[in-house]
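**Student:** Just need the structure, nothing else, for what follows:
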Amino acid sequence: MTLNNFTIREITPEDNSKIAKAIRSVLIEYGVPKVGTAYADKILDTLFEAYNIDNAIYFVVEKNGEIFGGAGVKQLDNYTGPICELQKMYFLSDARGIGLGSKMMEICLKKAKEFGFEHCYLETLPYMQDARKLYRKVGFKDLDAPMGDTGHYSCNLWMLKDL
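**Tutor:** Down below sits the predicted model:
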């Protein structure tokens, strides 16, 4: 899949440090707290391994060998039931505003459905306005409280979508 010469593909072990750097860069750009968000996740430096399990997948956005972002889905942590979480969906500024977010969302949600999940959950922050617009556009609805326990206690907006 290519959009403005960007390719969306499954993560490989060689992508780990590049995607971790890209995600941290986006989080710093937005002034996201380093504690209680994806910034502090232990798995951030080993995303290939974290998603190399049943019913989980992570995709990266690549152009000319550089990683510009990514997103994945896997079972919602500390929750029993057919609910996955859309995780670690971040793009560097060069990859924003050209439809990559919509395309990535479409790919992730299709895989989640294939895996047998019935709902997709996500957590975000108030100032991630463009992301929230995209989530609403594809059918995510606001929740009053978090589900499961992701450890992202600084994220204070929660959304859910039926698959």
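
**Student:** would you list every one of the strands in this protein?
**Tutor:** For the chain, the strands defined by DSSP state E cover 2-3, 6-10, 57-63, 66-75, 83-91, 119-124, 141-143, 157-162.

**Student:** a markdown table for the ones you listed, including mean pLDDT, distance to residue 49 and mean neighbour count?
**Tutor:** C-beta coordinates here come from the backbone N, C-alpha and C atoms, glycine included. As requested, these are arranged in a markdown table below (pLDDT from 0 to 100; distance: least, Cβ to Cβ, whole Å; neighbours: other Cβ atoms under 10 Å):
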| stretch | mean pLDDT | distance to residue 49 | mean neighbour count |
| --- | --- | --- | --- |
| strand 2-3 | 62 | 27 | 12 |
| strand 6-10 | 95 | 13 | 16 |
| strand 57-63 | 97 | 10 | 22 |
| strand 66-75 | 97 | 12 | 23 |
| strand 83-91 | 94 | 14 | 24 |
| strand 119-124 | 95 | 22 | 22 |
| strand 141-143 | 96 | 30 | 12 |
| strand 157-162 | 96 | 27 | 16 |
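
**Student:** export those to JSON lines and tack on distance to residue 134?
**Tutor:** Formatted as JSON lines, the strands of the chain follow (distance: least, Cβ to Cβ, whole Å):
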{"stretch": "strand 2-3", "distance to residue 134": "15"}
{"stretch": "strand 6-10", "distance to residue 134": "15"}
{"stretch": "strand 57-63", "distance to residue 134": "15"}
{"stretch": "strand 66-75", "distance to residue 134": "11"}
{"stretch": "strand 83-91", "distance to residue 134": "9"}
{"stretch": "strand 119-124", "distance to residue 134": "10"}
{"stretch": "strand 141-143", "distance to residue 134": "14"}
{"stretch": "strand 157-162", "distance to residue 134": "11"}
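
**Student:** Select, out of those strands, the one closest to residue 44.
**Tutor:** Closest to residue 44 of the strands of the chain is strand 83-91 (Cβ to Cβ; 7.7 Å).

**Student:** pull the CA atoms of that closest one into PDB?
**Tutor:** Written as PDB, here are the backbone C-alpha positions of strand 83-91 (Å, rounded to 0.1, in the frame of the first residue of the first chain):
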ATOM      1  CA  ILE A  83     -12.000  -6.300  22.900                       C
ATOM      2  CA  CYS A  84      -8.800  -5.200  21.300                       C
ATOM      3  CA  GLU A  85      -7.000  -2.000  21.700                       C
ATOM      4  CA  LEU A  86      -5.700   0.300  18.900                       C
ATOM      5  CA  GLN A  87      -2.200   1.100  20.200                       C
ATOM      6  CA  LYS A  88       0.700   3.300  19.500                       C
ATOM      7  CA  MET A  89      -0.800   5.100  16.500                       C
ATOM      8  CA  TYR A  90       1.600   8.000  15.900                       C
ATOM      9  CA  PHE A  91       3.000   9.600  12.800                       C
END
